[in-house]
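Novice: 3D, please:
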Amino acid sequence: MFKKSKIVTATLLLSASMLLTACGGAEEEEVQENAGVGEETGEAPEDFEVVPEDGAELLLWSDGDEQLEWAQLMAEKFEAEYGVPVQVEEVSQEDAPERLATDGPQGLAADVFASTHDRIGRAISAGLVIENFWPDEYEEEFMEAAITATSFEGELFGYPSGIETYALYYNTDLVEKAPETLDELFEVAKDLTDGKRYGFMMEPGNLYFLYGFLGGYGGYVFGDNGTNPEDIGLNNEGAVEGTKAILHPLRHEILSSMAVEDITYDVRTSLFESGDLAFDINGPWAVRGYEDAGVNFNVVRLPLLGNGENPTSFSGTRGFYVNAYTEFPDAASLLAKFITNEENLLTAYEITGALPPRLALTEHEDIQSNPISVGFLEQATHAVPMPNIPEMPLVWDPMGAAFTEIWNQDVDVQEALDRAVKTIENAIREQQQ
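Specialist: Numbering: from 1, shown residues only. The predicted structure follows:
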């Protein structure tokens, strides 16, 4: 159970100050002054006690299936601990930010909701989310990637609950040992490819999976850790080198007879399930399907690049967020903190398989005894959060078109990436007008 290490008296004005800070309230400075919030820094101390408001009742939005099962258990535990009833409603983490934008002002949205970090940026920038009350504590106890992902413009808003990235799956009936380097991967994959069986396959037009190789050579989406849309690094020297390193050998040595359109996610997962694909780059969401198919496999970090660096795969962080329109900001923030404490995130792992971003749990015996979980965690240490700024959706299609040109038409890599970045820059300018 959650225990506070340091407790002092909290005031209602302090909670009001935090709420106004998140919502951009005009009376922020006056409220902070009256509440005795740090006069020199203007920041609220974390050394305080938060207690639920009298009469508090909360609504929690959660994904379905195992996530819903876990959320309902958390609701029961929270009520037993704090005496605050929590109703759980199934709303997907993809839909929650959009629902918040429409239902929040009407008082119909959840007090606490789950969201993927790449979909929450717009809601935060619109003032719909309250900042995390305990940023220093979370920064100390959670993976850096999870903190970066759930922050916006330097402020922590989320309560991270799960982190995921993609890694290298390999069929242990076809491959005795996982390759250490990308060159070794292609060497083994080429020997295993015979027209019916494939050594290695990945979607050559999908930036999500290709990004790790671009990033490992120094490419990046946006500058300043994914926050500066005026600085795009998807056509720099590193991005060009990374694109060549992954696409050229895959295109000319392994999948020479296939067009981009032939290599879909469903095609490669089907091949892996049938035992006709030795290596697959995929995320933890594929584990259950492969297990159900009876495939013998393991998961390891992505192989080292030619420059000796690790591929910087995209990471996604699931987190809980507090609705700025909640009537009960203290109780809601306590719920978000409660369900992301060490005990409850371990329970989440046991029920849902979601890898917890708490540093203490990465060494837990239940996780370390599972080689598949260890493989994803090892890659997660090299992963970078997918940018969560509103400009990110403008990146996918132009980059996909560039990779398709490179693969299908053998277009020069620099020329294709230059065109893609120009398209992205034009789209950003239009969006900002």
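
Novice: Going by C-alpha atoms from here, please, whenever you check contacts or count neighbours.
Specialist: Fine.

Novice: Who does the residue nearest the centre of the chain form a beta bridge with?
Specialist: Nearest to the centroid of the C-alpha atoms of the chain, with distances taken as C-alpha atoms, centre = their mean, sits G316, at 1.3 Å. For G316, the beta-bridge partners under DSSP bridges are E164.

Novice: In this structure it contacts N388, no?
Specialist: No. In this structure G316 lies outside contact range of N388 using C-alpha atoms under 8 Å: 9.9 Å.

Novice: what sits in contact with each of the two?
Specialist: Counting by C-alpha atoms under 8 Å, 6 or more residues apart in numbering, the residues touching both G316 and N388 are 117-118, 149.

Novice: and those residues, which of them are in helices?
Specialist: Applying DSSP state H to those, the entries found in helices are 117-118, 149.

Novice: Redo those as TSV? Include pLDDT.
Specialist: Putting these into TSV (pLDDT from 0 to 100) gives the following:
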residue	pLDDT
H117	90
D118	84
A149	91
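
Novice: Closest one of those residues to R358?
Specialist: Among these, A149 lies closest to R358 (C-alpha to C-alpha), at 13.8 Å.

Novice: how close does the nearest residue to the closest one once chain neighbours are set aside sit to A324?
Specialist: Using C-alpha to C-alpha, 6 or more residues apart in numbering and skipping the chain neighbours, the partner closest in space to A149 is P385 (5.4 Å). P385 sits 24 Å away from A324, going by C-alpha to C-alpha, to the nearest Å.

Novice: More neighbours: which of the two?
Specialist: Between P385 and A324, counted using other C-alpha atoms under 10 Å, P385 has the larger neighbour count: 26 against 23.

Novice: Quick check: that one touching T150?
Specialist: No. The pair P385 and T150 fails to qualify as a contact (C-alpha under 8 Å) at a distance of 9.1 Å.

Novice: name the helices or strands packed onto the longest helix along the chain?
Specialist: Counting residues, the longest helix in the chain under DSSP H turns out to be helix 413-432. Helices and strands touching helix 413-432, by 3 or more C-alpha pairs under 8 Å, 6 or more residues apart in numbering; DSSP states H and E, are strand 228-233, helix 237-249, helix 396-409.

Novice: Out of the ones you listed, which gets nearest to W61?
Specialist: Judged by C-alpha to C-alpha, the one of the helices and strands packed on helix 413-432 that comes nearest to W61 is helix 396-409, at 28.2 Å.

Novice: F320 should be in a strand, yeah?
Specialist: Yes. With DSSP: H, G, I helix; E, B strand; the rest coil as the criterion, F320 is assigned to a strand.

Novice: Who is it paired with across the strands?
Specialist: F320 has these beta-bridge partners by DSSP bridges: A114, Y159.

Novice: Near it, how many other residues are there?
Specialist: That count, for F320 with other C-alpha under 10 Å as the rule, works out to 30.

Novice: The protein - how does it break down into domains?
Specialist: 7-49, 50-164+316-384, 167-312+391-432 (automatic domain parsing).

Novice: contacting residues around the residue nearest to the centre of the chain?
Specialist: The contact partners of G316, by C-alpha under 8 Å, 6+ apart, come to 116-118, 149, 163-165, 385-386.

Novice: Go again with 7 Å.
Specialist: 116-117, 163-165, 385-386 (C-alpha atoms under 7 Å, 6 or more residues apart in numbering).

Novice: And V51, how close does it get to A332?
Specialist: Following C-alpha to C-alpha, the distance that separates V51 from A332 is 10 Å.

Novice: Show me which of these two is the more surrounded one.
Specialist: Neighbour count, other C-alpha under 10 Å: between V51 and A332, A332 has more, with 29 against 15.

Novice: need the next SSE after the host helix or strand of the more buried one, C-terminal direction.
Specialist: Here A332, judged by DSSP states H and E, is contained in helix 329-338. As assigned by DSSP H and E, the chain's next helix or strand after helix 329-338 is helix 342-352.

Novice: re the thing from before, which positions within the longest helix of the chain qualify as buried?
Specialist: Across helix 413-432, burial judged by 16 or more other C-alpha atoms under 10 Å covers 413-414, 416-421, 423-425, 428.

Novice: Quick one, grab the pLDDT at G64.
Specialist: Here the pLDDT value assigned to G64 is 87.

Novice: Please name the nearest non-neighbouring residue to it.
Specialist: In space, G64 is closest to E90, 5.8 Å off (C-alpha to C-alpha, 6+ apart).

Novice: wait, A383 sits on T317?
Specialist: No. Contact criterion C-alpha atoms under 7 Å: A383 and T317 do not qualify, at 11.1 Å.

Novice: Looking at the two, which is more packed in?
Specialist: Under the criterion of other C-alpha under 10 Å, the comparison of A383 against T317 puts T317 first, with 28 against 23.

Novice: Skip the chain neighbours and tell me the closest residue to that one.
Specialist: I163 (4.5 Å).

Novice: who's in contact with that neighbour?
Specialist: Contacts of I163 by C-alpha under 7 Å, 6+ apart are 146, 315-318, 355-357.

Novice: try E309
Specialist: G216.

Novice: I'd guess it is in a strand, am I close?
Specialist: No. Going by three-state DSSP, the assignment for E309 is coil, not a strand.

Novice: So what does it have for phi and psi?
Specialist: phi -90, psi 160 (degrees, to the nearest 10).

Novice: Likewise for the one 5 residues further on?
Specialist: For F314, the backbone dihedrals (degrees, to the nearest 10) come out as phi -70, psi 140.

Novice: wouldn't it be in contact with M386 here?
Specialist: Yes. Counting by C-alpha under 7 Å, F314 does reach M386; the two are 5.4 Å apart.

Novice: May I have stretch 124-135 as PDB, with CA atoms only?
Specialist: Extracted C-alpha coordinates of stretch 124-135, given in PDB (Å, rounded to 0.1, in the frame of the first residue of the first chain):
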ATOM      1  CA  ILE A 124      -2.300  19.200 -22.100                       C
ATOM      2  CA  SER A 125      -1.600  22.200 -24.300                       C
ATOM      3  CA  ALA A 126      -5.300  23.000 -24.100                       C
ATOM      4  CA  GLY A 127      -5.200  23.100 -20.300                       C
ATOM      5  CA  LEU A 128      -7.300  20.000 -19.900                       C
ATOM      6  CA  VAL A 129      -4.900  18.100 -17.600                       C
ATOM      7  CA  ILE A 130      -3.500  18.900 -14.100                       C
ATOM      8  CA  GLU A 131       0.200  18.500 -13.500                       C
ATOM      9  CA  ASN A 132       1.500  15.600 -11.400                       C
ATOM     10  CA  PHE A 133       1.600  16.700  -7.800                       C
ATOM     11  CA  TRP A 134       4.900  14.800  -7.000                       C
ATOM     12  CA  PRO A 135       7.300  15.400 -10.000                       C
END
